[in-house]
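[1] Fold the following for me, if possible:
(one chain, ligands or ions: 1)
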Amino acid sequence: MDAATTMKNSDQSTPGWDRDPVLSVEHLTMRFGGLVAVGDLSFNVGRGDITALIGPNGAGKTTVFNCVTGFYKPTEGRIVMRHGPGRQQDDVETLTDSGQRWKTTGNGAVYLLERMPDHEISHKAKVARTFQNIRLFGGMTVLENLLVAQHNPLMVASGFSIGGILGLPSYKKAQKEAVDRAVYWLERTHLIDRADDPAADLPYGAQRRLEIARAMCTKPQLLCLDEPAAGLNPRESAELNELLKYIRDEHDVSVLLIEHDMGVVMEISDHVIVLDYGVKISDGPADFVKNDPKVIAAYLGVDDEAEIDMPEVREDIEKVAGDGPAKKKPTAKSKAAPAAKKTAAKAKPSSKASTAKTSTARSTATKASSAKASSAASTAAKPKTAARTAAKPKPAPAASEVKIANAGDYPGSQPHGTKKPRAGGANNLTRVKGIGPASEKKLNALGVWHFDQIAAWKKAEVQWVGSYLAFPGRIEREEWVKQARVLAKGGETEFSKRVDKGEVASSVPGKRGAQPKKKTTGKGGKA
Ligand SMILES: Nc1ncnc2c1ncn2[C@@H]1O[C@H](COP(=O)(O)OP(=O)(O)OP(=O)(O)O)[C@@H](O)[C@H]1O
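    So this is what the prediction gives:
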C-alpha cells in the first residue's frame, strides 16, 4: 500500500471532528484552589457539527464553557479556534511559539482563546454563547436586545459616536444592516410579533430563543449554548431542535451545547462528549455514547441499574470481603436475575415518573443484583446451590466484617458498614449531590445504605471513602456529611429537591429517598 493510500484510509477512519475541528480543547485543566474542576481534558468540535457536552451535575461542563469563552483563564492547556478549513497545525504551532493571541493564515485565521479576553473571543474569534441563567436586558425591547448585541460594528461605523450624531452614510448603512439582521433572527425564532415588547415580558421559552437570536446577531462561527432546553416544554424543545439544525445547516455555524435533556442531545447531536468528575469518559457519535456502559453508569443509567456491568465497579464490589472474588459470572444470574430483569423490563416506563409498579420491579431487579454480588463467592464454590443461595440471602455479617480486600491502601479509616439496608429500606443516596448511581452502588457494596451513616463520618472516614471512590477531596467539597445530616432528619437540600422533581439523574428519579413507611426489604425499599 502506498503512502497516499495509507493516508487516505487513515483519513477516512478519523472522525470529521478530528480532521476538521473548528475548536480544539487540548489538555485543559481548571483548578479552583484544591478543587480540580476539569483535569487534562482534550476534545475537538467539528466544523459544521452540533456537538453536545454532557455529564452529571458538577462534572465540569460549565467550567469548560467558561474557559472557552474567556470567563475563566484555564490553569493549564490550549484552546484553539480556527476560521477556515483543516487543522492548520503549522500555523497553530507558530502562533503558540510566538506568544501572540491570533494569526491570519492561508486558510483563514487561528486563535488561542486561553490568551484572549472574553470580548475579543466574541468579536474576533467569533465565539458566541448563551448562559444557563438567562441574561437579557429585561427593560429593553426585544429588538433593542438584538441591536445592543451588534454594538461593536455600529460603534466602529459611527467613528465611535460622532458619525452617528452627524448621520454619516457608513453609520446609516451599518445601522440598517443591524436592524435587518435583528429582524431576520426575530423571524427565525418566531419573535417578530414581540419586537417592541420588553424582553422581561416574554415567556420563558421565548426568552431562551431570544438569547439564541442575540448570539446569532454577532455572526458567530461557533455558538456555545449552556442548557438551551432547560425549562422548555416538549413543543418548545422540538422547536429548539429545528432552530439549531437550521443554524447548523443554513448558516454553517458549529454548535457546542451543554444539555441535560437527552431527547434534545440524542436527536440533534453529530458528536457527544461525556464528562464525569472533570474528565472525559466517552467521546463519539450519539449512538455510540448512549450505549457506552460507562456513560450508562455515570449518567444515563437510572433505569438500567440492574444491567450495568462496569468492570471497575464490579471489581470493587467483588473485593468486598465475605463476597470473595467472583471469577466466574455467577450462575445465580441465570436463575434469579433474569426473572427480575424480565419484571423490570416489563415495568420499565416510557416516562421517568416512577410508578408503584416500577418501584417494585426495580426493587426486585436490584435485590437480584445485590444477591448476585453477595452470592458470588458461594456460587463460585457451589454452583449447584446457586439458585437457592440467591433466593435466600445469607445472613448479614457484622459491620466489622465488611472490609474490602485492599482497605489498608486507603488513608484514614473505613466507615462503619451495615452490609444490608435496615428494615424500612435503603435511602436514595443519589439525593446527596456528588453521589451518582455508580458511586451509590459501590457505597452499598461497602454496607453504606443510609444518610445517617454518611452523616456520622469523621474526617478520616471521608478521606477513606474519597480514595475508595477514586475522587479524593470531592466528598469534602460537596459536603456530603452536611448534606446527609439534613437528609437524615427528613430535610431537603436544593439538590435533593431537584432530584425529587426528576430534574437530575438519580437511582430513583422523581421520588423522595427518605425512609419509606411501608416495610420492605433490600434496596427496593427506597422511596
Ligand atoms: N468559580 C468557582 N469556584 C469554585 N469552584 C467552582 C467554581 N466554578 C465551578 N466550581 C466547581 O467546579 C465543579 C464543576 O462545576 P461546573 O459548574 O463546571 O459543573 P457542571 O457540569 O456545569 O454542573 P451542572 O450540570 O450542575 O451545571 C463543581 O464542583 C463546582 O462546585
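
[2] Please make it C-alpha for all contacts and neighbour counts, starting now.
    Fine.

[3] now E26, what's its secondary structure?
    strand (DSSP: H, G, I helix; E, B strand; the rest coil).

[4] Whether stretch 466-485 contacts the ligand - can you check?
    No: judged by CA under 6 Å from any ligand atom, stretch 466-485 stays clear of the ligand, getting no closer than 6.9 Å.

[5] What of stretch 47-57?
    Yes: using CA under 6 Å from any ligand atom, stretch 47-57 comes into contact with the ligand via 56-57.

[6] Give me the residues contacting that stretch.
    17, 20-23, 45, 61, 85, 245, 248-249, 252-260, 265, 268-276, 298-299, 433-434, 436, 504-505 (CA atoms under 8 Å, 6 or more residues apart in numbering).

[7] ok, which of those residues also contact the ligand?
    Within the contacts of stretch 47-57, those near the ligand by CA under 6 Å from any ligand atom are K61.

[8] Quick one: buried ones out of the contacts of stretch 47-57?
    17, 20-23, 45, 61, 245, 248, 253-260, 265, 268-276, 298-299, 433-434, 436, 504-505 (16 or more other CA atoms under 10 Å).

[9] Where do the helices of the stretch 151-300 of the chain begin and end?
    151-157, 162-166, 169-188, 204-216, 234-251, 262-268, 286-290, 293-295 (DSSP state H, counting those that start in this stretch).

[10] what's the third one packed up against?
    Read that as helix 169-188. Where contact means 3 or more CA pairs under 8 Å, 6 or more residues apart in numbering; DSSP states H and E, helix 169-188 is packed against helix 142-148, helix 151-157, helix 162-166, helix 204-216.

[11] Let's see that with 6 Å instead.
    helix 151-157 (3 or more CA pairs under 6 Å, 6 or more residues apart in numbering; DSSP states H and E).

[12] do the same with the fourth one
    Using 3+ CA pairs under 6 Å, 6+ apart as the contact definition, helix 204-216 packs against no other helix or strand.

[13] ok, 8 Å please
    Using 3+ CA pairs under 8 Å, 6+ apart, helix 204-216 sits against strand 127-129, helix 142-148, helix 169-188, strand 222-226.

[14] Serialize those to TSV and add fields for distance to P234.
    Formatted as TSV, these follow (distance: least, CA to CA, whole Å):
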stretch	distance to P234
strand 127-129	23
helix 142-148	24
helix 169-188	19
strand 222-226	18
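
[15] Is it possible to get TSV of the ones you listed that adds mean neighbour count, distance to the ligand and mean pLDDT?
    Converted to TSV, the helices and strands packed on helix 204-216 look like this (neighbours: other CA atoms under 10 Å; distance: least, CA to the nearest ligand atom, whole Å; pLDDT from 0 to 100):
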stretch	mean neighbour count	distance to the ligand	mean pLDDT
strand 127-129	26	14	93
helix 142-148	23	25	86
helix 169-188	17	28	80
strand 222-226	25	9	94
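
[16] circling back to that earlier point, where among the helices of the stretch 151-300 of the chain is average confidence lowest?
    When the helices of the stretch 151-300 of the chain are compared by mean pLDDT, helix 162-166 comes last with a mean of 49.

[17] In the stretch 201-350 of the chain, what residue lies closest to the ligand?
    G278 (6.9 Å; CA to the nearest ligand atom).

[18] tell me the contacts of that residue?
    Counting by CA under 8 Å, 6+ apart, the residues that G278 touches are 36-39, 41, 59-61.

[19] From E478, how far out is it?
    Noted for G278: a distance of 14 Å to E478, by CA to CA, to the nearest Å.

[20] what about the strands in this protein?
    Along the chain, counting by DSSP state E, strands occupy 21-32, 35-46, 50-54, 76-83, 102-104, 109-112, 127-129, 222-226, 254-258, 271-276, 279-284.

[21] From the contact counts, what lies against the last one?
    Applying 3+ CA pairs under 8 Å, 6+ apart, one finds that strand 279-284 makes contact with strand 35-46, strand 271-276, helix 293-295.

[22] switch the cut-off to 7 Å
    Packing contacts for strand 279-284, counted by 3 or more CA pairs under 7 Å, 6 or more residues apart in numbering; DSSP states H and E, involve strand 35-46, strand 271-276.

[23] Contacts for the first one next, please.
    So the one you mean is strand 35-46. 16-18, 20-31, 51, 60, 278-280 (CA atoms under 7 Å, 6 or more residues apart in numbering).

[24] Now with 6 Å, please.
    Outside of strand 35-46, the residues within contact range by CA atoms under 6 Å, 6 or more residues apart in numbering are 17, 20-31, 60, 278-279.

[25] related to what we said a few turns ago, adding distance to K458, write the strands of the chain out as a markdown table.
    Putting the strands of the chain into a markdown table (distance: least, CA to CA, whole Å) gives the following:
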| stretch | distance to K458 |
| --- | --- |
| strand 21-32 | 24 |
| strand 35-46 | 20 |
| strand 50-54 | 33 |
| strand 76-83 | 34 |
| strand 102-104 | 51 |
| strand 109-112 | 45 |
| strand 127-129 | 42 |
| strand 222-226 | 37 |
| strand 254-258 | 36 |
| strand 271-276 | 26 |
| strand 279-284 | 28 |
